[in-house]
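Trainee: Here is my input, please return the structure:
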Amino acid sequence: MEPRGIAEAGGAALVSGVLAIAGLWLAVGYIDWVLVIGLAAGVAIAAAANYRARTGHADAVATEAPEVTADNFEEYTPIKAGDGGTEGLDDESETE
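Mentor: Now for the predicted structure:
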């Protein structure tokens, strides 16, 4: 995994661990280290999976997207109201 992904997963695990320690100390008065370590590990796994999904999706979109240039941008630009296009409009209006 890239250094950025490691930093995101590690940071999320660290923050969740500190918050778990603070919450347990304030609510119960003692710290259950098994719970804290399990929570931090779960958050690290989820953050790593999230990072992999985001970067994998971005790579897939980049490879599948057509290359838009100054010569063909009109083919890939949707026509919106006010752009002078009549795509999707009927010749006869049904509203009176």
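Trainee: Mind listing what's buried along whatever helix or strand E8 lives in?
Mentor: Element membership for E8, per DSSP states H and E: helix 3-27. Across helix 3-27, burial judged by 16 or more other C-beta atoms under 10 Å covers G5, E8, A9, A12, A13, S16, G17, A20, I21, L24. Glycine gets a C-beta too; all of them are placed from N, C-alpha and C.
Trainee: C-terminal to it, what's the next element?
Mentor: Note on helix 3-27: by DSSP H and E, the next helix or strand toward the C-terminus is helix 33-64.
Trainee: same for that following helix, what does it pack against?
Mentor: On a contact count with 3 or more C-beta pairs under 8 Å, 6 or more residues apart in numbering; DSSP states H and E, helix 33-64 meets helix 3-27.
Trainee: hmm, back to that, dump the buried residues of helix 3-27 into JSON lines; add pLDDT and distance to G56 as well.
Mentor: Below are the buried residues of helix 3-27 laid out as JSON lines (pLDDT from 0 to 100; distance: C-beta to C-beta, whole Å):
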{"residue": "G5", "pLDDT": "87", "distance to G56": "11"}
{"residue": "E8", "pLDDT": "91", "distance to G56": "15"}
{"residue": "A9", "pLDDT": "92", "distance to G56": "15"}
{"residue": "A12", "pLDDT": "93", "distance to G56": "18"}
{"residue": "A13", "pLDDT": "94", "distance to G56": "21"}
{"residue": "S16", "pLDDT": "95", "distance to G56": "24"}
{"residue": "G17", "pLDDT": "94", "distance to G56": "27"}
{"residue": "A20", "pLDDT": "94", "distance to G56": "29"}
{"residue": "I21", "pLDDT": "95", "distance to G56": "33"}
{"residue": "L24", "pLDDT": "93", "distance to G56": "35"}
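Trainee: Having no further points to raise, I will conclude here.
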